[in-house]
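A.B. asks: No sequence on hand, only this structure:
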């Protein structure tokens with residue numbers, strides 16, 4: 001259930017005005033376009049008919065939902081994320097995500113296009129400013145959306161590519177038409193080829209072994225952690241259950257690898 005935000009006096013006044021406006025719109029709708037009026041009944045008699053008002057309010061409610069969905073899509077196309085949509089609708093971030101699932105990431109054009117120039121100082125990593133790309137290997141759509149949202153909300157947008165499983169990830173990485181990512185965020189439990197197998201393949205591939213890989217998974221099993229580091233994962237992070245902690249965790253990964261650590265220079269043939 002969405003957690004409603006607390007309203008201040010100004011918001012309460014606006015809410016009351018909205019209620020009055022809706023009540024008047026319902027009365028007008030009943031009189032001008034009576035819905036389900038019994039044969040022979042005078043429409044004017046419906047002014048105080050509670051059931052007729054309820055019918056009109058149902059139509060108004062559906063119209064509001066449709067208009068809200070359209071406004072949310074438009075706001076997403078203009079760069080708004082779930083926190084902004086939630087504040088506008090008067091609910092939490094989680095409430096906005098439940099109401100309009102996947103909205104930000106299915107928007108056309110993309111709601112957060114990759115900027116032409118990286119804004120952080122080139123002295124941080126000794127390289128000329130450039131954009132950064134992340135390959136997200138994750139089969140869970142909900143988790144993938146959260147990770148993408150966290151990355152794109154964290155300062156500048158990252159170029160994010162997603163693979164649903166290990167096979168798709170290897171196909172992407174070995175496709176000569178695609179650029180090598182600066183970071184791979186890898187789930188462990190996936191169909192076809194799981195994250196353990198992907199990690200083993202990548203770290204034994206001379207062309208791809210230098211790409212930093214962060215394992216981001218629900219598993220906190222000691223065997224999984226030990227196995228990941230034995231296969232030279234650069235970091236192992238357990239997904240928090242709490243939503244805000246999940247977002248903060250993903251953003252901390254982004255901060256370390258792109259704002260603190262020195263990234264690898266790109267190969268000459270991957271530069272545009």
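C.D. replies: Structure received. No experiment lies behind these values; they were computed from the predicted model shown. Residues are numbered from 1 along each chain as shown.
A.B. asks: Please tell me how far residue 70 sits from residue 58.
C.D. replies: Counting by CB to CB, to the nearest Å, the gap from residue 70 to residue 58 is 19 Å. Bear in mind the C-beta positions are built from the backbone N, C-alpha and C, glycine included.
A.B. asks: quick one: the strands in the chain?
C.D. replies: Ranges of strands in the chain, per DSSP state E, are 133-137, 159-163, 183-186, 213-217, 235-238.
A.B. asks: Please identify the most buried of the ones you listed.
C.D. replies: strand 183-186 (a mean of 26; mean count of other CB atoms under 10 Å).
A.B. asks: Return the list of strands paired to that strand, each annotated with direction.
C.D. replies: Partner strands and pairing direction for strand 183-186 (DSSP bridges) are strand 133-137 (parallel), strand 213-217 (parallel).
A.B. asks: Please tell me the pLDDT value assigned to the most centrally placed residue in the chain.
C.D. replies: In the chain, the centroid-proximal residue (CA atoms, centre = their mean) is residue 149; its distance is 3.6 Å. Listed pLDDT for residue 149 reads 78.
A.B. asks: now do residue 201
C.D. replies: Reported pLDDT for residue 201: 94.
A.B. asks: Now it. Nearest residue, chain neighbours left out?
C.D. replies: Nearest residue to residue 201 in three dimensions, chain neighbours excluded: residue 170, at 6.5 Å (CB to CB, 6 or more residues apart in numbering).
A.B. asks: Looks like that neighbour contacts residue 199 (just checking).
C.D. replies: No. Applying CB atoms under 8 Å as the test, residue 170 and residue 199 come out as separate, 11.4 Å apart.
A.B. asks: Could you check which of these two is surrounded by more residues?
C.D. replies: Ranked by neighbour count (other CB atoms under 10 Å), residue 170 and residue 199 place residue 199 first, with 23 against 19.
A.B. asks: List the contacts of the spatially closest residue to that one that is not a sequence neighbour.
C.D. replies: Nearest non-adjacent residue to residue 199, counting by CB to CB, 6+ apart: residue 231, 4.7 Å away. Neighbour list for residue 231: 196, 199, 200, 203 [criterion: CB atoms under 8 Å, 6 or more residues apart in numbering].
A.B. asks: one more time with 7 Å, if that's ok
C.D. replies: 199, 200, 203 (CB atoms under 7 Å, 6 or more residues apart in numbering).
A.B. asks: Check the gap between the residue lying closest to the last one once chain neighbours are set aside and residue 202 for me.
C.D. replies: For residue 203, the nearest residue in space outside its immediate sequence neighbours is residue 232; the separation is 4.6 Å by CB to CB, 6+ apart. As defined by CB to CB, residue 232 lies at a distance of 9 Å from residue 202.
A.B. asks: which one of those two has more residues nearby?
C.D. replies: Remark: of residue 232 and residue 202, residue 202 carries more neighbours, 23 against 13, as counted by other CB under 10 Å.
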